[in-house]
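1. Give me the fold of what follows.
(2 chains)
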Amino acid sequence: MTDGQIISLWQEGRRDEAFRELVAAYSERLYWHVRRLTGSHEDTDDLLQEIFVRAWAALPSFRGEAQLGTWLWRIATNQSLNFLRQQRLRAALSFKSLDRYEAQRIDEDPWFDGDAAERRLMKALARLPHKQRIVFSLRYFDEMSYEEMARVLDTSVGALKASYHFASEIIRAELSD
Amino acid sequence: MKGKNAYRVPDGYFASLQERLSAIPQQEQLSAIPQQEQLSVIPQQERLGVIPQQEAAPGVWVRVRPYLALAAAFAVLVTLGTALLRWTAAPAEDDWDSFAVAQMMPRTEPDAFYDATLAESLAPALTYDDIAQYLLETGVSLEELENDETDD
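-> Below you'll find the predicted structure:
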């Protein structure tokens, strides 16, 4: 079902049905996006619940200025950013550096199924500043266009291209060590 | 290499995820209902496995526990602060110095301490004989002294 059809269902008053279609259309894509940022299946599951609870609460005020998907991605990205900020605090409370804390989470993740190169890539991704991490993930893994990313992150295409360029350089340097 | 394949999920995860997320509207609607009214719909919701059992009211101990914890924390802080103050107080050597000085002071009678100001205030006033004697010794005549007084 397209975004337009979902909005039509909502406007017809078939709100529960519209929400179910929204979940069906976006839950799996959002899961992978959030998973690459949190590094944990359990945390991702919790975050998805929060994201869709917020989406349900905010749907009545959705005016269609942005596409439904863009709007939902924005909610997911903001919630992920909040999680990453809290991660920094958790690392401090465990008396570990943030790098070591996140690397340990990747090493201990029972649901990590990649090879050694992929593990190094995910660790390098975890060492990026939060916003660069999101830009790199959206561009490299989700293959989102810069224009769509600019709408999701509410920033310019030029800034995103620069951010992606720097993130790529950092990751390339990490992987070549 | 796209990292999507770097992770896996439990079997049937996405199907159960969609089911749980799709139940959000019912959960949110139910949380908006006052608690008394929720009791009337519990049987149906329990069949759907949406609402957990109503919890019993907390006992006295549970309600008082936070205040006791606060009081205990305050007592610990005061104890630590007092201990720290005593630990950082002036060292005992000063007391030994004052003892050493005390040993160097001669034994004296308290009455022997002379207070000059007190002595002056207690001294008797000068008499005419004292003044005359002074004038004779210095060579000033009484007439010269009286003339000085009238000129003023």
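
2. Output the below-cut-off pLDDT ranges for chain B.
-> B:1-5, B:32-58, B:90-125, B:140-143, B:145-152 (pLDDT under 70).

3. actually chain A, not the one I wrote
-> For chain A, the stretches flagged by pLDDT under 70 are A:95-96.

4. excluding its backbone neighbours, what's nearest A:L68?
-> A:D3 (3.9 Å; C-beta to C-beta, 6 or more residues apart in numbering or on different chains). (Each C-beta comes from the backbone N, C-alpha and C, glycine too.)

5. again, but for A:Y146
-> That would be A:V157: by C-beta to C-beta, 6+ apart, it lies 4.6 Å from A:Y146.

6. Correct me if wrong: the one you found contacts A:E148.
-> No. Under the criterion of C-beta atoms under 8 Å, A:V157 is not in contact with A:E148, lying 10.1 Å apart.

7. Check whether A:F19 really touches A:A58, as I assumed.
-> No. A:F19 sits out of contact with A:A58 when judged by C-beta under 8 Å, with a separation of 11.6 Å.

8. what about these two, which has more around it?
-> A:F19 (22 against 12; other C-beta atoms under 10 Å in any protein chain shown).

9. and the gap between the more buried one and chain B?
-> According to C-beta to the nearest C-beta, to the nearest Å, A:F19 stands 6 Å off from chain B.

10. Domain boundaries for chain B, per the record?
-> B:10-48, B:110-146 (automatic domain parsing).

11. Nearest to chain A: which residue in chain B?
-> B:A6 (3.2 Å; C-beta to the nearest C-beta).

12. Next, the closest residue to that residue other than its chain neighbours: secondary structure please.
-> Of all residues not flanking B:A6 in the chain, A:G114 sits nearest, at 3.2 Å (C-beta to C-beta, 6+ apart). When states are read from DSSP: H, G, I helix; E, B strand; the rest coil, the local structure at A:G114 comes out as coil.

13. Surely A:G114 touches B:R8?
-> No. Taking contacts as C-beta under 8 Å, A:G114 lies outside contact range of B:R8: 9.4 Å.

14. Could you tell me which residues within stretch A:111-122 count as buried?
-> Of all the residues in stretch A:111-122, those buried under the rule 16 or more other C-beta atoms under 10 Å in any protein chain shown are A:111-112, A:114, A:118-122.

15. Who are the packing partners of the helix or strand harbouring B:D130?
-> Secondary structure assigned from DSSP states H and E places B:D130 in helix B:128-138. Judged by 3 or more C-beta pairs under 8 Å, 6 or more residues apart in numbering or on different chains; DSSP states H and E, helix B:128-138 is in contact with helix B:142-151.

16. Right, I'll leave it there.
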